[in-house]
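A.B. asks: Here is my input, please return the structure:
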Amino acid sequence: MIKSLRDLPQEELFVSGHTACPGCGAPIAIRMIMKVLGKKTIVHTPACCLLVFGSTHPYTSWKVPFIHTAFENTGAVISGIRAALEIKGVEDVNVVGIAGDGGTADIGLQALSGAAERNDDVIYICYDNEAYMNTGIQRSGATPYGAWTTTSPPGKEWKVGEDRPKKDVPMIMMAHNVPYVATMSIAKPMDLIRKVEKAKKIKGFRYLHIHSPCQPGWRYDASKTVEIANLAVETGMWILYEFENGKFRITYKPKERKPVEEYLRLQGRFRHLTKEEIEKIQKMVDETWERIEKMEDKSD
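C.D. replies: Predicted coordinates for the structure are as follows:
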């Protein structure tokens, strides 16, 4: 068990030299995740930022077997890899799919649901930067209410930006009654590490969802990545929880939640929001927390 960041293995399985934007949250998360999963891991990614910056021909940052296919295929491909390993009698290999929110919440949702329904012995990881960042910052199903994107721009007549609430994929996965679902943040590394450790040990379908700040898409100074990720947790805009064998538990509760405005005002994608819209988002967060806390299993 990894008890502190000092206990993480020194070996890097996702190495420097990639071409991620300064301040990108994804490589921070992937580097920690791979240290926990170890060398006996096969990784698949679909079309996404991670594919482009992590494996641009003829170079790659991956030091484990790596495969990529089309945008919608992650759930199907990792299921196929696991089936092939089982035919060959190989059991001690982690089969992992890592996709963005577009390839998870939208384009890849059907294949993801199929893998979850079958309870295939794989780990599916969504790094959620809340839009299609790789292709021009278009809104996705995971774009939060009020956010600017190139396809949900605020204007004179339509002032709010994105007008739909964020699609809750972790809850969709919980509805499949899979063995393990967890939300994570790069701002809480030990919570992240513990959840990856747990997912590594569990058999069956495991789903991990990471909040992953994106500097160009969210419009903030590149030095603010971890601060913004932390504010998402501390304001309640991003809730850390896990669902294990039917039991739901919140894994981090802020002592006193900060106003959502502290999170929103650091990002240019929310700069257009009025006081009334910020109050609306605050109410949405408060109601979500109330609903989530009622779900918590307090039997232990």
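
A.B. asks: May I see the buried residues of stretch 254-263?
C.D. replies: When burial is assessed from 16 or more other C-beta atoms under 10 Å, stretch 254-263 yields the following buried residues: R257, V260, E261, Y263. Yep, even glycine has a C-beta here, placed from its N, CA and C like the rest.

A.B. asks: shouldn't the third one be in contact with I278?
C.D. replies: Yes - the pair E261 and I278 qualifies as a contact (C-beta atoms under 8 Å) at a distance of 5.3 Å.

A.B. asks: Around the nearest residue to M34 once chain neighbours are set aside, how many other residues sit close by?
C.D. replies: Closest residue to M34 apart from its sequence neighbours, by C-beta to C-beta, 6 or more residues apart in numbering: L13 at 3.9 Å. When neighbours are counted by other C-beta atoms under 10 Å, L13 registers 20.

A.B. asks: same check, this time on G54
C.D. replies: Summarising burial for G54: neighbours were counted as other C-beta under 10 Å, giving 26.

A.B. asks: Could you do K224 as well?
C.D. replies: Counted with other C-beta under 10 Å, residues neighbouring K224 total 17.

A.B. asks: from memory it sits against G23, does it?
C.D. replies: Yes - at 7.3 Å, K224 counts as touching G23 under the criterion of C-beta under 8 Å.

A.B. asks: Let me see the ranges of the strands in the stretch 1-150 of the chain.
C.D. replies: Secondary structure of the stretch 1-150 of the chain (DSSP state E, counting those that start in this stretch): strands at 41-45, 66-68, 94-100, 123-128.

A.B. asks: Now for the residue nearest to S113 when sequence neighbours are not counted: which residues touch it?
C.D. replies: Spatial nearest neighbour of S113, chain neighbours left out: H176 (6.9 Å); criterion: C-beta to C-beta, 6+ apart. Neighbouring residues of H176 by C-beta atoms under 8 Å, 6 or more residues apart in numbering: S113, A116, E117, F205.

A.B. asks: Going by neighbour count, which of those residues are buried?
C.D. replies: Buried members of these, scored by 16+ other C-beta under 10 Å, are A116, F205.
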